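Trainee: coords please:
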Amino acid sequence: MPQTILEMTKDLVMAQIETKALSPDDMHTVLQQTYSSLMTLKVHEEADGTVAVQPAETPPEPVDWRKSITKHTVECLECGQSFKQLSVRHLQHHDLDARTYRAKYGIPRTQALSAKATTTHRKQLVQQSRPWEKAPTYQKAHPAQAQPMGRSKRKRMTTAKA
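Mentor: The predicted model follows:
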């Protein structure tokens, strides 16, 4: 009994996985593409090669944006290039800005478009420099607290008493 197209597709994909030419994560997509190609060939064969058949388009699989942001790199989901940060300049090459890029791929607006290590380093720098304390509104709300007396002031006060 001859194999069905589905069985042939399964055998082809399993052989690719066994030879490590295909990762198990990509199996679903390759199964669909292989099945579509074999169906096209079957239809073409049954028509004795007289009918030109277009291969069926498989819908693009939704992209998981979480996989694109790793510890040391962030991958552009448009072109696949890796960076430490997706800059405004790079996104402009794709006619996007950060807001539309996030909306297109379902990324939350609070998610940084930079590698995790880069984001962590920037957070540490901000905590060290404490820029909010330099803002006029913060300074007005929190008047300068009495500074502990330095060594030179103490010396002057003790010499003045004597």
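Trainee: what residue ranges in this structure score low on pLDDT?
Mentor: 1, 20-25, 27, 48-62, 144-162 (pLDDT under 70).
Trainee: spatially central residue for the protein, please.
Mentor: Ser68 (3.0 Å; CA atoms, centre = their mean).
Trainee: skipping adjacent residues, who's closest to that one in space?
Mentor: Glu75 (4.2 Å; CB to CB, 6 or more residues apart in numbering). All C-beta spots, glycine's among them, are computed from the backbone N, C-alpha and C.
Trainee: which residues sit in contact with the one you found?
Mentor: Taking CB atoms under 8 Å, 6 or more residues apart in numbering, we find Glu75 in contact with 68-69, 81-83.
Trainee: tell me the domain ranges of this protein?
Mentor: Using automatic domain parsing, the domain ranges for the chain come out as 5-46, 65-116.
Trainee: redo those as TSV? Include distance to Ala135.
Mentor: Shown next, in TSV, are the domains of the chain (distance: least, CB to CB, whole Å):
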stretch	distance to Ala135
domain 5-46	47
domain 65-116	22
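Trainee: could you pull up the residues touching Ile107?
Mentor: 65, 101, 113.
Trainee: apply 6 Å and report the result again.
Mentor: Ile107 makes contact with Trp65, according to CB atoms under 6 Å, 6 or more residues apart in numbering.
Trainee: for the longest helix along the chain, packing partners?
Mentor: Taking DSSP state H as the criterion, the chain has its longest helix at helix 27-46. Packing partners of helix 27-46 (3 or more CB pairs under 6 Å, 6 or more residues apart in numbering; DSSP states H and E): helix 5-18.
Trainee: off-centre distance for the helix it packs on?
Mentor: In terms of CA atoms, centre = their mean, to the nearest Å, the centre of helix 5-18 is found 31 Å from the chain centre.
Trainee: how about that helix: buried residues?
Mentor: Neighbour counts over helix 5-18 (16 or more other CB atoms under 10 Å) mark 9, 12-13, 16 as buried.
Trainee: try stretch 71-87
Mentor: Quick answer for stretch 71-87 (16+ other CB under 10 Å): 73-78, 86.
Trainee: what about it, distance to the chain center?
Mentor: 7 Å.
Trainee: returning to what we had before: how about the contacts of Glu75, which pair is most distant?
Mentor: Ile69 and Gln81 (13.8 Å; CB to CB).
Trainee: would you list the buried residues of stretch 71-87 in CSV and tack on distance to Pro131?
Mentor: Output for the buried residues of stretch 71-87, formatted as CSV (distance: CB to CB, whole Å):
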residue, distance to Pro131
Thr73, 27
Val74, 24
Glu75, 30
Cys76, 29
Leu77, 31
Glu78, 32
Leu86, 23
